[in-house]
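Visitor: need a 3D model of the sequence below.
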Amino acid sequence: TDKTPAGLSREASALWRRITDDYGLSDDAAGVQLLLSLCQTLDRLRECQRAIKKDGLTIEGSQGQIRPHPLMQTEAECRRALLAHYRALRLEPEEI
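Guide: Below is the predicted model of the structure:
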């Protein structure tokens with residue numbers, strides 16, 4: 001499908017268009033699903049990055065202790081998932 005899925009950010013929509021234009025996945029249902037997941041994961045990664053940038057790398061815990069921002073782990077998981085998606089699609093990862 002050449003139509004960009006609804007709900008993706010401008011960055012993820014541009015990635016969708018770039019990959020579908022360059023690699024023509026429209027006939028590959030599994031590839032389209034992987035690409036959608038890749039784009040959604042990119043959006044989730046960016047959400048995490050914005051929250052961490054706003055809140056800082058550490059937050060105050062329930063008892064006043066300083067602890068790593070809980071989204072740091074989610075950010076790392078998103079990065080790993082993006083790389084796995086690129087590998088599954090047999091594409092070179094873009095800058096993440």
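Visitor: quick one: low-confidence parts of this structure?
Guide: For the chain, applying pLDDT under 70 flags the ranges 1-2, 26, 95-96.
Visitor: which helix or strand lies directly C-terminal to the longest helix along it?
Guide: Assignment by DSSP state H gives helix 29-55 as the longest helix of the chain. Note on helix 29-55: by DSSP states H and E, the next helix or strand toward the C-terminus is strand 58-60.
Visitor: what's next to that following strand, contact-wise?
Guide: Contact partners of strand 58-60, identified using CB atoms under 8 Å, 6 or more residues apart in numbering, comprise 66-70. No exception for glycine: its C-beta is placed from N, CA and C like everyone else's.
Visitor: also stretch 74-93?
Guide: With CB under 8 Å, 6+ apart, stretch 74-93 has contacts from 19, 23, 25, 31, 34-35, 37-38, 41-42, 44-45, 48-49, 52, 94, 96.
Visitor: again, only using 6 Å
Guide: Residues from elsewhere that reach stretch 74-93, judged by CB atoms under 6 Å, 6 or more residues apart in numbering: 34, 38, 41, 44-45, 48, 96.
Visitor: over to stretch 7-16?
Guide: 4, 39, 42-43.
Visitor: tell me the most packed of those, by neighbour count.
Guide: The most neighbours of any of the contacts of stretch 7-16, using other CB atoms under 10 Å, belong to Cys39, which has 24 neighbours.
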